[in-house]
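In: please find the sequence and the predicted model below.
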Amino acid sequence: MVEALKEIFSAYEGEKGAVIPILQKVQAKLGFLSPEAIGDIASFLDTSSNEIFGVATFYSQFRFTRPGRHTVHVCLGTACHVKGGGTILETVEKEIGVEAGGTTGDYKFSLERVACFGSCALAPVVVIDKDVFGRVTTSKIKETLKNYD
Ligand code: FES
């Protein structure tokens, strides 16, 4: 068993229906749901890995591959799209060498596209981890990415 999960499971003894909260806690702990973690969750809940995987894939919040140390979210909502969000996304893809939805081979960056951050006045917007960057330009985002290691 993944050692880090024992504590999570102990909080849910007798609550075998708590699939989603357990998946959320495991992902928060590990950063993603590995096949091994899914197997452990299945054992704990007396069900199959396929069952757990089936539930988890239903929700977009769960990820099944290891994320990068930093996650770059590029907004492609209407306001950001109009202000050049697509070009910003292409620039980031070229800079880090991975397409949206992917993670760099060195696990430095994961890249995600987002529908709207609710900061449309700052369009185009990029969020890296918890840092919000507004009125981003291609040169600005190239410089910003260099600040992450
Ligand atoms: S459309 Fe990008 S923040 Fe709203």
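Out: Looks like it arrived, so ask away.
In: okay, buried residues for the helix or strand bottoming out on mean pLDDT in the chain please.
Out: Between all helices and strands in the chain, the lowest mean by mean pLDDT, DSSP states H and E belongs to helix 6-10, at a mean of 93. For helix 6-10, the neighbour count (16 or more other C-beta atoms under 10 Å) marks 8, 9 as buried. (Each C-beta comes from the backbone N, C-alpha and C, glycine too.)
In: other residues contacting it?
Out: For helix 6-10, the external contacting residues (C-beta atoms under 8 Å, 6 or more residues apart in numbering) are 22, 25, 26, 29, 40, 44.
In: and the third one, what element?
Out: Secondary structure assignment for residue 26, by DSSP states H and E: helix 19-30.
In: and that helix, which residues are buried?
Out: 19, 22, 23, 25, 26, 27, 30.
In: which strands and helices sit next to the helix or strand just after that helix?
Out: Counting by DSSP H and E, the next helix or strand C-terminal to helix 19-30 is helix 35-44. Under the contact criterion of 3 or more C-beta pairs under 8 Å, 6 or more residues apart in numbering; DSSP states H and E, helix 35-44 touches helix 19-30, helix 49-57.
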